[in-house]
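**Q** Pasted the sequence and its predicted model underneath.
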Amino acid sequence: MRILGLDYGEKRIGVAVCDELGLTAQGLPTLIRKTKKHDLEILGRWIRDYAVQKIVIGYPVRLDGSEGIQCEKVNRFAGLLADTFSLPVLKWSETLSTKEAEDILIASGIRWQKRKEKVDRLAACLILQNYLDCAGKCPGGQS
């Protein structure tokens, strides 16, 4: 089953997709947000091209487990995705995924400007890979 992973942001959405066996996440180009229509058209194209059957979206709970304003935005976007594409949308904890992505890019020696271009894609990969590694084995996601 192919799964699309998203790192939702107000300006950009990091995107990843898993292989057909559901073992590894690979990054797709970062979606630069413009309008809802534009964003949904791009996501819809990837959903069709990769025959996606489920969407996993990073859920930004705070370190203490509470939900903040960004969770409300993710909830609205997850609902829009579910309504538009008639696919299950699973919210998965993304705690520190962007920080981890930045640390990986820094350790790789990638300069600031290039890191800025790659961080959302890598965060989406980390969220999706964490889901793939934990699915059915460990708690931590939101449904």
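**A** That came through, no problem.
**Q** quick one: the strands in the protein?
**A** 2-8, 12-18, 25-32, 52-59, 89-93, 141-142 (DSSP state E).
**Q** Please identify the most buried of the ones you listed.
**A** Ranked by mean neighbour count, the strands of the chain are led by strand 2-8 with a mean of 25 (mean count of other CB atoms under 10 Å). For the C-beta atoms, the positions are set from N, CA and C on the backbone; glycine is no exception.
**Q** on contacts alone, who are the packing partners of that one?
**A** Contacts defined by 3 or more CB pairs under 8 Å, 6 or more residues apart in numbering; DSSP states H and E place strand 2-8 against strand 12-18, helix 36-49, strand 52-59, helix 69-85, helix 112-134.
**Q** now these as a markdown table including distance to T24 and mean pLDDT?
**A** Output for these, formatted as a markdown table (distance: least, CB to CB, whole Å; pLDDT from 0 to 100):
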| stretch | distance to T24 | mean pLDDT |
| --- | --- | --- |
| strand 12-18 | 6 | 96 |
| helix 36-49 | 17 | 98 |
| strand 52-59 | 14 | 96 |
| helix 69-85 | 23 | 96 |
| helix 112-134 | 7 | 83 |
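**Q** Tell me which of those sits nearest to L4.
**A** strand 52-59 (4.6 Å; CB to CB).
**Q** and the residue nearest to Q70 when sequence neighbours are not counted, what does it touch?
**A** Excluding the flanking residues, the one nearest Q70 by CB to CB, 6 or more residues apart in numbering is P60, at 4.6 Å. Residues in contact with P60 (CB atoms under 8 Å, 6 or more residues apart in numbering) are G68, Q70, C71, V74, E94, T95.
**Q** Neighbours of the third one, how many?
**A** By other CB atoms under 10 Å, the residues close to C71 number 16.
**Q** Touching, it and G65? I think so.
**A** No - using CB atoms under 8 Å as the test, C71 is too far from G65 to be in contact (11.1 Å).
**Q** Much appreciated, bye for now.
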